[in-house]
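Participant: Fold the following.
(2 chains)
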Amino acid sequence: MKTLGKYKIVLLIAGIFLVLMIIRTAGTCSWKGKAGQTGEAIAAGTCYVDLNKLKSPGESSHLLRIGNSGPDSLLKLLNLPETRLAFADLKPGKKLKELKSLGSRMVIVGTSREEGIKAWVILHQLGVKNLFILSLPDGYDEVLKYRYRPDSTFRPEPEAGEN
Amino acid sequence: MNPRIQISALLLALSIFLLFFTGRESDRFRVKPEALSQWATGDTSAIPVDEVARFLISETPGILLIDVREEAAFREMCLPGAIHIPLGKLSSQGYRELLDDRNGRRIFYSNGDDLSTAALTIAAGLGYRHCYRMEGGLNGWYEKIMNATFSGERLSARENALLTTRFEARRLFTHYNSLPDSLKAGIFAARQLEREKLDGGCE
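Facilitator: Numbers count the residues shown, from 1 in each chain, chains lettered A, B, ... in the order given. Coordinates of the predicted model:
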């Protein structure tokens, strides 16, 4: 005890550092996933689920409607259970606990593609598993619809002083 | 045990603890979930294709275009001056300084809106401000810039300015992508020279 008393300043500083680090990380420790993995999943397209897959019997699905997305006629026919979520609900709390306890495949339906993607990234980072975005009938958005034609005759201007 | 050894062991343990937390943070979101949800609700980060074209033509300082498609697609064709960061690498420490620059605008783009929206959301989660995305992606670029045509009899001054920008952006895009990689950087110098000639600044 006497020895520790000698080093109380060092211990105090170390203690302050520890508390500061805990405070700093406490606010963001709700994030369970890794940003890199989330990016890779979207780039690989593994986060999408086709409407036909929802129709097929097997794994049960649960729709997550983001924002004010109205009932789509095709989805209405499937008669799947659904939960309405606002972006404000995408944070640790009761709703998130409910989602994590669902156990079935969760399919995000947004008012727009962008809303669906944003919600997927946030929920995936919050640790929600078995989560997908509904692939719309108009196809995968990331296919380039045009073909690039290079101009093989083009050469840049020579710089001043060059021949 | 010697008290000095005890204190050293304590400090070592603390260092390892700090290192552990720093390492964990690098690939994890840094903003609070509430803040990210709020950002997602009121997100106004989509920049129209025409505005991006205008940035390119005027060579607006501080604008950095970031292609988040696969590398092969980027090598085949990209927006002039764009750099490539794969979506899975956005959280890498190596890009932190580049993405965290508060003095400019970072504009993500892909073929459509999906990858660029994902990149923007990840960037927002990592705490990078001043990040945007090009609305419609390269499909939108082709529709508005590459396929721009004039049909009609009269052209208002506004339409004229818009079409001029589109045609110039199309020319720049085609020329840039027709060059080998080694010459691509020189195209902006060549454009500068061309402007000087038009202004009568060169002989």
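Participant: what's the helix or strand in which residue A:54 is found packed up against?
Facilitator: Counting by DSSP states H and E, the element that carries residue A:54 is helix A:51-55. Judged by 3 or more C-beta pairs under 8 Å, 6 or more residues apart in numbering or on different chains; DSSP states H and E, helix A:51-55 is in contact with helix A:73-78. (C-beta placed from N, C-alpha, C; glycine too.)
Participant: Identify the residues contacting the residue nearest to residue A:105 when sequence neighbours are not counted.
Facilitator: Spatial nearest neighbour of residue A:105, excluding adjacent residues (C-beta to C-beta, 6 or more residues apart in numbering or on different chains): residue A:61 at 4.7 Å. By C-beta atoms under 8 Å, 6 or more residues apart in numbering or on different chains, the residues touching residue A:61 are A:49, A:54, A:80, A:104-107.
Participant: need the contact list for the most centrally placed residue in chain A.
Facilitator: Of all residues in chain A, the one closest to the mean position by C-alpha atoms, centre = their mean is residue A:121, 0.8 Å from it. If you count contacts by C-beta under 8 Å, 6+ apart, residue A:121 has them with A:38, A:42, B:118, B:121-122, B:125.
Participant: follow-up on the earlier one: which pLDDT value belongs to the residue nearest to residue A:105?
Facilitator: The score at residue A:61 is 88. That number is its pLDDT.
Participant: Among the contacts of residue A:121, which one is most surrounded by other residues?
Facilitator: residue B:121 (30 neighbours; other C-beta atoms under 10 Å in any protein chain shown).
Participant: What distance do you get for the residue nearest to residue A:105 to residue A:111?
Facilitator: Remark: distance between residue A:61 and residue A:111 (C-beta to C-beta, to the nearest Å) = 19 Å.
Participant: Neighbours of residue 85, how many?
Facilitator: Assuming you mean chain A. Residue A:85: 20 neighbours (other C-beta under 10 Å).
Participant: that's the wrong chain, I wanted chain B
Facilitator: 21.
Participant: Look at residue B:201 and report its pLDDT.
Facilitator: 55.
Participant: what's near enough to touch residue 34?
Facilitator: Picked chain A for this. Counting by C-beta under 8 Å, 6+ apart, residue A:34 touches B:27-28, B:91.
Participant: if you could check chain B rather than the one you did, that'd help
Facilitator: Counted by C-beta under 8 Å, 6+ apart, residue B:34 has contacts residue A:91.
Participant: Poorly predicted segments of chain B, please.
Facilitator: Scanning chain B for pLDDT under 70 picks out B:1, B:18-26, B:200-203.
Participant: Strands of that one, residue ranges please.
Facilitator: B:46-47, B:63-67, B:83-84, B:105-109, B:131-134 (DSSP state E).
Participant: Can you add mean neighbour count and give the ones you listed back as JSON lines?
Facilitator: Output for these, formatted as JSON lines (neighbours: other C-beta atoms under 10 Å in any protein chain shown):
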{"stretch": "strand B:46-47", "mean neighbour count": "17"}
{"stretch": "strand B:63-67", "mean neighbour count": "20"}
{"stretch": "strand B:83-84", "mean neighbour count": "14"}
{"stretch": "strand B:105-109", "mean neighbour count": "24"}
{"stretch": "strand B:131-134", "mean neighbour count": "24"}
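Participant: what's the closest of those strands to chain A?
Facilitator: strand B:46-47 (7.8 Å; C-beta to the nearest C-beta).
Participant: Name every strand pairing with the closest one and say which way it goes.
Facilitator: Using DSSP bridges, strand B:46-47 pairs in its sheet with strand B:131-134 (parallel).
Participant: So what touches stretch B:43-63?
Facilitator: A:114, A:118, B:65, B:79-81, B:103-105, B:107, B:109, B:120, B:124, B:131-136, B:140-141, B:143-145, B:162, B:165-166, B:168-169, B:172, B:188, B:191.
Participant: could you give me the average pLDDT of the longest helix seen in chain A?
Facilitator: Of all the segments of type helix in chain A, defined by DSSP state H, the longest one is helix A:8-26. Per-residue pLDDT over helix A:8-26 has a mean of 73.
Participant: For the following helix or strand past it, name the packing helices and strands.
Facilitator: Next along the chain after helix A:8-26, taking DSSP H and E as the criterion, comes helix A:35-44. Here helix A:35-44 touches helix A:113-125, helix B:114-125, going by 3+ C-beta pairs under 8 Å, 6+ apart.
Participant: Quick check: the gap between the spatially closest residue to residue B:79 that is not a sequence neighbour and residue B:110.
Facilitator: Leaving aside its chain neighbours, residue B:79 sits nearest to residue B:65 (5.0 Å; criterion: C-beta to C-beta, 6+ apart). Distance of residue B:65 to residue B:110, computed by C-beta to C-beta: 11 Å.
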